[in-house]
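Participant: Dropping the sequence and predicted coords here.
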Amino acid sequence: MLTYAEELLLLALDDENGTFVDTPMMSIEYGLIGALLMELAIKERIDSDLDHIYLIDDSPTEDKLLDKTLNILKKSDMNKNTTFLIKSIANKFTNLKEYLLQRLIDKNILKKEKHKILWVFCKRCYPVIDNKEEQEVKSRIRETILNEKIPAPRDIVLISLINICNLKRQIFSKDELEVAEKRIEEISHMDLIAQSVSKAFSEVQNIIAQAISSTGFRPSP
């Protein structure tokens, strides 16, 4: 079974060209941190409420990324609120996307290709080898949302992450989204960590916007 982070990364890749879909990359970064925390919650290593994360078991998980996250939490001030901890974890992770991409390559789900842009810059692409895993994820989510099934805990987590990362159009058509939007929001609010991830992402967006505004920079029309 793929981890939440691996499933989320698959959904963030464009099936045709193997590059990331047009969504703020920061949202993907924060979504992946949220995926790691949610995996730890499912494995009963952490718990959470509206304001805090609680470390309840720091034993190894046999997953390097999850164990690194646990180690960061062990060294963190757990009296800080969840939003603060999520930002702190994000600052301590480097090359998270690349590490997860390599895991999917090692599992023979993705392959790596290089394409030259203007014959100078090299862009890495990660097309899928077999669409089975991604289609299974999409089918699960579509059935839960469109058929109003009672969501399994795993699907509550993934739907929350999809909502945070604005990947809904990767799964639903425009017409379907008009019907599905309300239910997606309802399910997303079932997961406390997801709410904190969304808040952290929004706060960072606002900080960046304020920084740009203070420089007087304006994007070209």
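Facilitator: In hand now; what should we look at?

Participant: tell me which element residue 10 falls in.
Facilitator: Following DSSP states H and E, one finds residue 10 within helix 4-12.

Participant: which is the next helix or strand following that helix?
Facilitator: Downstream of helix 4-12, the next assigned helix or strand under DSSP H and E is helix 25-42.

Participant: Let me see the mean pLDDT of that following helix.
Facilitator: On average, the pLDDT along helix 25-42 is 88.

Participant: Just checking the distance from the helix or strand that it is followed by to the centre of its chain.
Facilitator: Using DSSP H and E, the helix or strand that follows helix 25-42 in sequence is strand 46-48. Its chain's average C-alpha position is 18 Å from that of strand 46-48, according to C-alpha atoms, centre = their mean, to the nearest Å.

Participant: Do a quick rundown of the strands in this protein.
Facilitator: For the chain, the strands defined by DSSP state E cover 46-48, 53-55, 113-117, 121-125.

Participant: Pretty sure residue 127 is one of the things residue 17 touches, is it not?
Facilitator: Yes - Residue 17 is in contact with residue 127 according to C-beta atoms under 8 Å; the separation is 7.2 Å. Heads up, the C-betas are built off the backbone N, CA and C, glycines and all.

Participant: so how far is stretch 75-91 off the chain centroid?
Facilitator: Distance, stretch centre to chain centre, for stretch 75-91: 17 Å (C-alpha atoms, centre = their mean).

Participant: show me what contacts the most centrally placed residue in the chain?
Facilitator: The centroid of the chain falls nearest to residue 31 when counting by C-alpha atoms, centre = their mean (2.6 Å). Shown in contact with residue 31 (C-beta atoms under 8 Å, 6 or more residues apart in numbering): 8, 161, 164-165, 197.

Participant: try 10 Å
Facilitator: Residues in contact with residue 31 (C-beta atoms under 10 Å, 6 or more residues apart in numbering) are 4-5, 8-9, 11-12, 23, 160-167, 194, 197-198, 201.

Participant: Overlap of the contact sets of residue 17 and residue 127?
Facilitator: residue 113.

Participant: Which residue is the nearest non-sequential neighbour of residue 83?
Facilitator: residue 200 (4.6 Å; C-beta to C-beta, 6 or more residues apart in numbering).
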